[in-house]
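Enquirer: mind folding the following:
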Amino acid sequence: MHGRAALRDDCHGNGQIAPTITIGLLWHSLNSGNLGIGALTLANLAIARDAARRAGLTPRFVIMGARESAPPPFAGLDIQCVAIDSRALKPGGAIWRAMGEVDCVLDIGAGDSFTDIYGPRRFLFLTLTKLFALARGRPLVLSPQTIGPFTGAGYKAIAAFIMRRSRAVFARDEASRVAALSLAPEANVELAVDVAFELPFTDRASLRGSPLLRIGVNVSGLLFGEAERGTNHFGLSYDYAVFTRRLLSALTQQPSLQVHLIPHATNRENPVDDDGVVADRLAREFPTVIRVGRIGPPLRHQCRERHGNGGAAARYRTGGRAQHQCGGDRPGASRRACRVHLPRGRRL
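Expert: Numbering: from 1, shown residues only. The predicted structure follows:
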């Protein structure tokens, strides 16, 4: 534990004051329009909190993520939020100062953003923050996430340097593990499941109230728009819009099924990346589906009720974005939920 760890008036059953560890949660968010990032954040908070307490420590957290228009739903007490933008990344800025106040950094890369496919600016933000942690001498752990692809030689060199310097790198799928080891074979790379499988949840099976099998479907507004515009920045081998309509047509023709459209990422500033916009369109095309309303940012103790159970206790879920949106009513069901793999092993 770094020397900046302080003492608080917290006891661990034996009357002794427990030392406090300050954990930086990099590229996490409590107020992102992308519900997946909120789910990852709540899950990693729970995992880190449990690990710290089992080690006899009292955790506090500094969440560092992209600046959002909405305020965090909760903060204070043991959680502080620091927004990342161009100003915060200046020398001596908010992120540099925050890195100096934490004992270690868990970086989840917003789930799938440790790559260069989102452009040089995004890559710069993701890597510069990691380099700040390393420059400050803080132990850096890449929490379970998608890693790569990296296309340019410069991008590959920077990514490899960061992974070699990290205490541990956790890939959440085999393709990411292979990508990480191909760039940095000497790095400490391990395969792990998506952290969202650790989300607390409430069993809502009793709310189904119908013999129909409920199927939750998330349609990615980003991929749907790409297909309709004829662009293919993510290298899909098929037309996503055509595939989605065929899937919904097949599902809605089954009398034993009830289909729910569940938005996963909302972006009021950029409707092209808003799942709700395309969900509204598809609900008009397929009038028997149920369009689940917008799910707000995560609240404490309302984890999978707001995320995985957004589909009114759907029994199965499939999605075009990340697998953590497909969390089921039980951890086992979550892992069996349909996982849609995009080309090159990527999931959005």
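Enquirer: so where's this protein uncertain?
Expert: Low-confidence segments of the chain (pLDDT under 70): 1-15, 69-76, 204-209, 268-270, 294-317, 319-348.
Enquirer: mind listing the strands for it?
Expert: Secondary structure of the chain (DSSP state E): strands at 7-11, 17-26, 58-66, 79-84, 104-107, 140-145, 168-171, 189-191, 213-218, 257-261, 290-291, 316-319.
Enquirer: okay if I get these as a markdown table plus mean neighbour count and distance to I162?
Expert: For glycine as for every other residue, the C-beta is placed from the backbone atoms N, C-alpha and C. Putting the strands of the chain into a markdown table (neighbours: other CB atoms under 10 Å; distance: least, CB to CB, whole Å) gives the following:
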| stretch | mean neighbour count | distance to I162 |
| --- | --- | --- |
| strand 7-11 | 11 | 32 |
| strand 17-26 | 22 | 12 |
| strand 58-66 | 22 | 16 |
| strand 79-84 | 19 | 16 |
| strand 104-107 | 23 | 9 |
| strand 140-145 | 25 | 8 |
| strand 168-171 | 22 | 9 |
| strand 189-191 | 16 | 12 |
| strand 213-218 | 22 | 31 |
| strand 257-261 | 21 | 38 |
| strand 290-291 | 16 | 41 |
| strand 316-319 | 22 | 29 |
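Enquirer: closest one to R246 among those strands?
Expert: strand 213-218 (12.3 Å; CB to CB).
Enquirer: quick one: strands adjacent to the closest one?
Expert: strand 257-261 (parallel), strand 316-319 (parallel) (DSSP bridges).
Enquirer: one step back: JSON lines for the strands of the chain, including distance to G38?
Expert: Putting the strands of the chain into JSON lines (distance: least, CB to CB, whole Å) gives the following:
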{"stretch": "strand 7-11", "distance to G38": "27"}
{"stretch": "strand 17-26", "distance to G38": "12"}
{"stretch": "strand 58-66", "distance to G38": "10"}
{"stretch": "strand 79-84", "distance to G38": "13"}
{"stretch": "strand 104-107", "distance to G38": "16"}
{"stretch": "strand 140-145", "distance to G38": "15"}
{"stretch": "strand 168-171", "distance to G38": "20"}
{"stretch": "strand 189-191", "distance to G38": "24"}
{"stretch": "strand 213-218", "distance to G38": "15"}
{"stretch": "strand 257-261", "distance to G38": "19"}
{"stretch": "strand 290-291", "distance to G38": "21"}
{"stretch": "strand 316-319", "distance to G38": "15"}
